[in-house]
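Peer 1: after the sequence you'll find the predicted model.
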Amino acid sequence: MTDARTDDRTDWFVHDRFGMFVHFGLYSVAARHEWVQNYERIEATDYARYARFFDPDLFDARALARQARQAGARYVVLTAKHHEGFCLWDTATTPFNAVETCGRDLVREYVEALRAEGLRVGVYFSLLDWSHPHYTIDRHHPQRSVADVAARNADRDMAVYRQYLHAQVRELLTGYGPLDYLFFDFTEPAEEDGLPGKSPEDWDAGTLLAMCRELQPDMVVNDRLGIPADLVTPEQYQPVRPFERDGVPLVWEACQTINGSWGYHRDNHDSKSAALLVRMLARSVALGGNLLLNVGPTGRGEIAPRDAALLSEVGDWMTRHADAIRGAGASRFTAPSGVVYTQRGDRLYAHLFDWPFGLLHLPDLADRVEFARFLDDGSEVLFENIPADQEAFNLQPAAPAPGTLTLKLPVQPPSVALPVIELRLRPSS
């Protein structure tokens, strides 16, 4: 179970519902996926050459913060360190960092820009580190297939790496003021091809979480230390039901990419449409969850134009439909096929995934609604309760099931990525 303070810590998180993930590092220069070092089995000494060419001259944290806000996000998570081990902050633990490379503390720039924009500050930190000489070769390590894995691991000591890891987390938690969210990544102890993954014991996860609670007591922490914390983080799939543990609902966040890659991948053009992205957001909120949508800045540090255009489209939708997302959650009413409900107090929001012809029948809402409108422009939607004894005849439809509210819709849907109808519920509902 989560501890007693979880509800207070996560109040803002559950309210805001939509965040932006930012994956940026040396892999952005390679531009072949953030796991390029793993996929291409690159030795750490060879991979380190990318640091010589890391020049984020177009990384503008203030512009990034504005783009996040305009997209409708209210919190952002930046990769302070990914699995490659390269640090974007001014760390005393290793010269393998952005200050040594380009003279900039990118984490500080980011934190200050988000605060100036009024956004919540999240930091991602990988527990893995393929650059550290004492990080043992495991199932995910780039050198997992070399012939002398056992001999190499004999010279490595995870206890030394743990000290390094804990020192880096302490730097982030003490050097940048209050943080709102720490996204750890990741713990997977299962064995593959004779090599184990890493377990919570490899990180001393309990001590790490205790450090978080001591140094940043109001900060939300995810579940990827391998032990329960404040929320769970399904990745690259959309849940079909809420998350629970022992019958208790859990706070959760679906982590999603635009094109299947977290880091900048120049040749990957499999981008989701803005319509699909807002549907994923609405469906997450309808199940009581959040959506964390990722962008991977280019090797020069800007959000790629193709991703910026999608964020702008999502932002256009959020400008008119944020009431159906922010501060909303699951509804006790059951939506018909092709419709997803979110609810905020006495406002029920029907997200129309499928556009019906003429009439939309909403079960169990007869006599419960006092006003309906399209959320994009505020225009009224007329409705009626069809008499239960009405039979089909020529131009007259048969009555739907008793208790059904019937909305009268135009032939053409609103020109938005996802039409939403706001239903004002009567006080007795």
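Peer 2: Thanks, I have it. Numbering: from 1, shown residues only.
Peer 1: state the pLDDT value of the residue nearest the centre of the chain.
Peer 2: Against the mean C-alpha coordinate of the chain, by C-alpha atoms, centre = their mean, the closest residue is residue 292 at 1.5 Å. Looking at residue 292, its pLDDT reads 99.
Peer 1: can you pull the contacts of it?
Peer 2: Shown in contact with residue 292 (C-beta atoms under 8 Å, 6 or more residues apart in numbering): 19, 20, 21, 77, 233, 253, 254, 255, 256. Backbone N, C-alpha and C define where each C-beta goes, glycine included.
Peer 1: what of residue 234?
Peer 2: 243, 252, 253, 254, 255.
Peer 1: where in the stretch 1-150 of the chain is pLDDT low?
Peer 2: 1-6 (pLDDT under 70).
Peer 1: try the stretch 151-300 of the chain
Peer 2: Those would be none, if you go by pLDDT under 70 across the stretch 151-300 of the chain.
Peer 1: tell me the one of the contacts of residue 234 nearest residue 109?
Peer 2: Ranked by distance to residue 109 (C-beta to C-beta), the contacts of residue 234 are led by residue 255 at 23.7 Å.
Peer 1: that closest one: neighbouring residues, count only.
Peer 2: By other C-beta atoms under 10 Å, 21 other residues sit near residue 255.
Peer 1: name the next helix or strand downstream of the strand or helix carrying it, please.
Peer 2: For residue 255, the host element (DSSP states H and E) is strand 253-256. Per DSSP H and E, strand 253-256 leads on to helix 274-286 as the next helix or strand towards the C-terminus.
Peer 1: what residues of that following helix count as buried?
Peer 2: 274, 277, 278, 279, 280, 281, 282, 283, 284, 285, 286 (16 or more other C-beta atoms under 10 Å).
Peer 1: and for stretch 328-344?
Peer 2: Within stretch 328-344, judged by 16+ other C-beta under 10 Å, the buried ones are 328, 329, 331, 333, 335, 339, 340, 341, 342, 343, 344.
Peer 1: which stretches of the stretch 151-300 of the chain form helices?
Peer 2: Applying DSSP state H, counting those that start in this stretch to the stretch 151-300 of the chain gives helices spanning 158-175, 200-203, 205-215, 274-286.
Peer 1: in the shortest one, what's buried?
Peer 2: Buried residues in helix 200-203, counted by 16+ other C-beta under 10 Å: 200, 202, 203.
Peer 1: just the residues you listed now: which is nearest residue 398?
Peer 2: Nearest member of those to residue 398, counting by C-beta to C-beta, is residue 200, at 59.0 Å.
Peer 1: next one: the closest one relative to residue 311, how far apart?
Peer 2: 35 Å (C-beta to C-beta, to the nearest Å).
Peer 1: who are the contact partners of residue 428?
Peer 2: residue 368.
Peer 1: quick revisit: can you give me the distance of the residue nearest to the centre of the chain to residue 382?
Peer 2: In terms of C-beta to C-beta, residue 292 sits 38 Å off from residue 382.
Peer 1: please apply the same query to residue 348.
Peer 2: Taking C-beta to C-beta, one finds residue 348 at 17 Å from residue 382.
Peer 1: so which of those two has more stuff around it?
Peer 2: residue 348 (26 against 9).
Peer 1: quick one: secondary structure of residue 391?
Peer 2: Under DSSP: H, G, I helix; E, B strand; the rest coil, the three-state class of residue 391 is coil.
Peer 1: pLDDT value on the residue lying closest to it once chain neighbours are set aside, please?
Peer 2: Nearest non-adjacent residue to residue 391, counting by C-beta to C-beta, 6 or more residues apart in numbering: residue 398, 5.8 Å away. Note on residue 398: pLDDT of 91.
Peer 1: check contacts around residue 398.
Peer 2: 390, 391, 392.
Peer 1: so which of the residues you listed is surrounded by the most neighbours?
Peer 2: residue 390 (12 neighbours).
Peer 1: now for the residue lying closest to that one once chain neighbours are set aside, how many residues are close by?
Peer 2: Residue nearest to residue 390 in three dimensions, not counting chain neighbours: residue 399, with 4.2 Å by C-beta to C-beta, 6+ apart. Residue 399 sits with 17 neighbouring residues when counted by other C-beta under 10 Å.
Peer 1: distance of residue 399 relative to residue 384?
Peer 2: Taken as C-beta to C-beta, the span from residue 399 to residue 384 is 11 Å.
Peer 1: which neighbours do the two share?
Peer 2: In contact with both residue 399 and residue 384: no residue, using C-beta under 8 Å, 6+ apart.
Peer 1: name the helices or strands packed onto the strand holding residue 255?
Peer 2: helix 274-286, strand 290-295 (3 or more C-beta pairs under 8 Å, 6 or more residues apart in numbering; DSSP states H and E).
Peer 1: using PDB, list the CA coordinates for that strand.
Peer 2: This file holds the C-alpha atoms of strand 253-256, laid out as PDB (Å, rounded to 0.1, in the frame of the first residue of the first chain):
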ATOM      1  CA  GLU A 253      -0.500   7.500 -15.600                       C
ATOM      2  CA  ALA A 254      -0.300   6.100 -19.100                       C
ATOM      3  CA  CYS A 255       3.100   7.000 -20.600                       C
ATOM      4  CA  GLN A 256       2.900   7.400 -24.400                       C
END
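Peer 1: so how far is it from its chain's centroid?
Peer 2: With C-alpha atoms, centre = their mean, to the nearest Å as the basis, strand 253-256 stands 4 Å off its chain's centre.
Peer 1: residues in contact with that strand?
Peer 2: Residues contacting strand 253-256 (C-beta under 8 Å, 6+ apart): 13, 19, 21, 222, 231-239, 277, 280, 284, 289-294.
Peer 1: now swap in stretch 47-57 and tell me
Peer 2: With C-beta under 8 Å, 6+ apart as the test, stretch 47-57 has contacts from 24, 26-27, 29-30, 37, 84, 86, 96, 98, 100-102, 104, 106, 130-131, 142, 297, 299-301.
Peer 1: one more pass at 10 Å, please.
Peer 2: The contact list for stretch 47-57 (C-beta atoms under 10 Å, 6 or more residues apart in numbering) reads 24-30, 36-37, 40, 42, 84-86, 88, 95-98, 100-102, 104, 106, 109, 130-131, 142, 297-302.
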